[in-house]
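*Asks:* The sequence and its predicted three-dimensional model are supplied below.
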Amino acid sequence: MSQLSSKHLLGISDITEDDINLIFKTAENFKQVINRPIKKVPSLRDTTIANVFFENSTRTKISFELAEKRLSADVVNFSSSNSSVKKGETLIDTVNNILAMKVDMVVMRHPVPGAHQFLSRHIDANIINAGDGTHEHPTQALLDAFSIRESLGDLKDKKIAIIGDILHSRVALSNIYCLQKLGAKVTVCGPPTLLPKYIGSLGVEVSNNLQETLEWCDCANMLRIQLERQEDKYFPSLREYSLQYGVTMPMLQNLKKEIILMHPGPINRGVEITSEVADSDQSIILNQVENGVAIRMAILYLLAGKPNS
Amino acid sequence: MKRIILEYPQVDLILTRICHQLVEDHGDFSQTAILALQPKGILLGKAIIQKLEMLFGIHATYGELDTTFHRDDFRRSDKLLIPNEVNIDFEIENKRIILVDDVLYTGRSIRAALDAVNDYGRPASIELVTLINRKYKREVPIQPDYIGENIDSRTDDYVKVEWNNNQCKVWIITDNTK
């Protein structure tokens, strides 16, 4: 496998296991790069990348921007809150206007699931999905799987639990696709109101029991309660949620084996996990952040360098 | 057409000569490090390290450098450039660096290597060892300091360095159809 199978990264469902392994192999090289005295390489010095964010983002946007700058790309940032989108401009018009300024790649976050697929049919530039509504967040899934692999080795037959707000999470869906492509076993766990009705059809185990799930897994990926996407009440109170689905240090200490804990951020400390857990040796949350830059550098590099891309 | 231009023990004699030249210039190698270029310079680099140890008892500092991210044909090549591993577990700063590669031809790989080395610090000096110096096709002003063999070849010839259990053969492959 010497190049990616697609010219875009729209979702994990569109890429192959070989693609994922190529991204991981390249990310290992970039991890070396970002840990040396000069953290920058000139590979994308003739490439212009637009970060187009129709939805708020802090860490994904910073991570992409850092990855782009460390590859020497020129970067333009666009966010819908201070743009002509507010004046009624359509998605294609907005992006075509940006592309008319000779942009080679578009990193986009959009609230509508499938916005990236739609765009890929209308423009020539490489498109990278930085999150589309509750659908996919492929770069997060890749950095999560890469981080698990760093801690636990090959993912084949590893037991990974995804715990929390599965219903509103694009991270959950991309993680399920990615982990399954790498041969891991996945259980999703959360209150019945926050588990999509047909999630079992993706081939994952479904549980409402946190204790049992923690006892089963090698790694628990704790998802954030997305209060901003919850118009209805899905659980009585945050306190009750944290009592039933929050991970605490005594719970981890009582398990028969040591598991690793992840969180895509931002953490609601004291809700999904306690501060003690977040800051413990079993947590690889900050490794995820570091790996995020390396994974995004790898994706940008592989897409930009793909012949005839 | 394919013909051998160098083989064991000729290559062994060449390596012995290069090691003597290196020791003449670098003494006990206390301020010097050898950096072999990925992927094809690695076996030559290791052979030089072994020879230095065997002949002079010198344990030279050794690392492996990848130049992929500094190449000037990214997005211009007909295939994707996949990076190789970098192994440098010593400080480059103020070291005398000896780059090692098997064939010097256009000089572009070495140009990329000069940039790549600087990402790890500012060395005191950089020199170049090459087993085969193909003349007449240099595209940048770069010359080797230590040369195994100078060869004259057509631009469409291919020079292949083949290693087998530390023994090396060099082939020149000519496309007679052109």
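*Replies:* Okay, I see it.
*Asks:* Next, the contact list for the residue in the stretch 151-300 of chain A that chain B sits nearest to, please.
*Replies:* Closest contact between the stretch 151-300 of chain A and chain B, by CB to the nearest CB, is at A:Ala298 (9.3 Å). Heads up, the C-betas are built off the backbone N, CA and C, glycines and all. By CB atoms under 8 Å, 6 or more residues apart in numbering or on different chains, the contact set of A:Ala298 is A:Ile23, A:Phe24, A:Thr26, A:Ala27, A:Asn29, A:Phe30.
*Asks:* Go again with 7 Å.
*Replies:* Residues near A:Ala298 by CB atoms under 7 Å, 6 or more residues apart in numbering or on different chains: A:Ile23, A:Thr26, A:Ala27, A:Phe30.
*Asks:* Repeat that for B:Ile88.
*Replies:* Going by CB under 7 Å, 6+ apart, B:Ile88 touches B:Gly63, B:Leu65, B:Tyr120.
*Asks:* any idea how far the residue nearest to A:Lys158 when sequence neighbours are not counted is from A:Asn291?
*Replies:* Counting by CB to CB, 6 or more residues apart in numbering or on different chains, A:Lys158 lies nearest to A:Ala184, which is 4.7 Å off, once chain neighbours are set aside. Distance, A:Ala184 to A:Asn291, by CB to CB, to the nearest Å: 17 Å.
*Asks:* Please name the nearest non-neighbouring residue to the residue of the stretch 201-309 of chain A at minimum distance from chain B.
*Replies:* At 4.8 Å from chain B, A:Gly305 is the closest residue in the stretch 201-309 of chain A, using CB to the nearest CB. The shortest distance from A:Gly305 to any residue other than its chain neighbours is 4.8 Å, reached at B:Leu80 (CB to CB, 6+ apart).
*Asks:* so the one you found makes contact with A:Gln3?
*Replies:* Yes: with contact defined as CB atoms under 7 Å, B:Leu80 counts as touching A:Gln3 (4.2 Å).
*Asks:* wait, doesn't A:Gly190 sit right on A:His168?
*Replies:* No: using CB under 7 Å, A:Gly190 is not in contact with A:His168; the gap is 10.5 Å.
*Asks:* which SS state does A:Ile160 fall under?
*Replies:* What DSSP: H, G, I helix; E, B strand; the rest coil gives for A:Ile160 is strand.
*Asks:* Quick check: beta-bridge partners of it?
*Replies:* A:Val186, A:Cys219 (DSSP bridges).
*Asks:* Pull up the gap between it and A:Leu255, please.
*Replies:* Look at A:Ile160 and A:Leu255: by CB to CB, they are 15 Å apart.
*Asks:* again with B:Ala124
*Replies:* Look at B:Ala124 and A:Leu255: by CB to CB, they are 54 Å apart.
*Asks:* hang on, the earlier thing: who's more crowded, A:Gly190 and A:His168?
*Replies:* A:Gly190 (28 against 21; other CB atoms under 10 Å in any protein chain shown).
*Asks:* residues contacting that one?
*Replies:* The contact partners of A:Gly190, by CB under 7 Å, 6+ apart, come to A:Ile163, A:Gly164, A:Asp165, A:Ile166, A:Tyr245.
*Asks:* Mind listing the shared neighbours of B:Leu80 and A:Gln3?
*Replies:* Shared contacts of B:Leu80 and A:Gln3 (CB under 7 Å, 6+ apart): A:Leu302, A:Lys306.
*Asks:* what about B:Leu99, is that helix, strand or coil?
*Replies:* Here B:Leu99 is recorded as strand under three-state DSSP.
*Asks:* does it really touch B:Leu128, like I thought?
*Replies:* Yes: shown here, B:Leu99 and B:Leu128 form a contact pair, counting by CB under 7 Å, at 4.9 Å.
*Asks:* Comparing the two, which shows the higher neighbour count?
*Replies:* Set B:Leu99 next to B:Leu128 and count neighbours by other CB under 10 Å: B:Leu99 wins out with 25 against 22.
*Asks:* so what's the closest residue to chain B within chain A up against?
*Replies:* Here chain A gets closest to chain B at one residue, A:Val41, 3.6 Å apart by CB to the nearest CB. A:Val41 sits next to A:Val33, A:Leu71, A:Ser72, B:Phe69, B:His70 when contact means CB under 7 Å, 6+ apart.
*Asks:* so who does residue 116 touch?
*Replies:* Unless you meant another one, I'm taking chain A. The contact partners of A:His116, by CB under 7 Å, 6+ apart, come to A:Leu10, A:Met108, A:His110, A:Ile127, A:Asn129, A:Asp132.
*Asks:* Actually, chain B is the one I wanted.
*Replies:* Applying CB under 7 Å, 6+ apart, we find B:Ala116 in contact with B:Leu65, B:Thr67, B:His70.
*Asks:* helices or strands up against the lowest-mean-pLDDT helix or strand in chain A?
*Replies:* Across the helices and strands of chain A, mean confidence by mean pLDDT, DSSP states H and E is lowest for helix A:91-99: a mean of 82. Counting contacts by 3 or more CB pairs under 7 Å, 6 or more residues apart in numbering or on different chains; DSSP states H and E, helix A:91-99 packs against strand A:48-53, helix A:115-120.
*Asks:* try 8 Å this time
*Replies:* The contact analysis (3 or more CB pairs under 8 Å, 6 or more residues apart in numbering or on different chains; DSSP states H and E) places helix A:91-99 against strand A:48-53, strand A:74-79, strand A:105-110, helix A:115-120.
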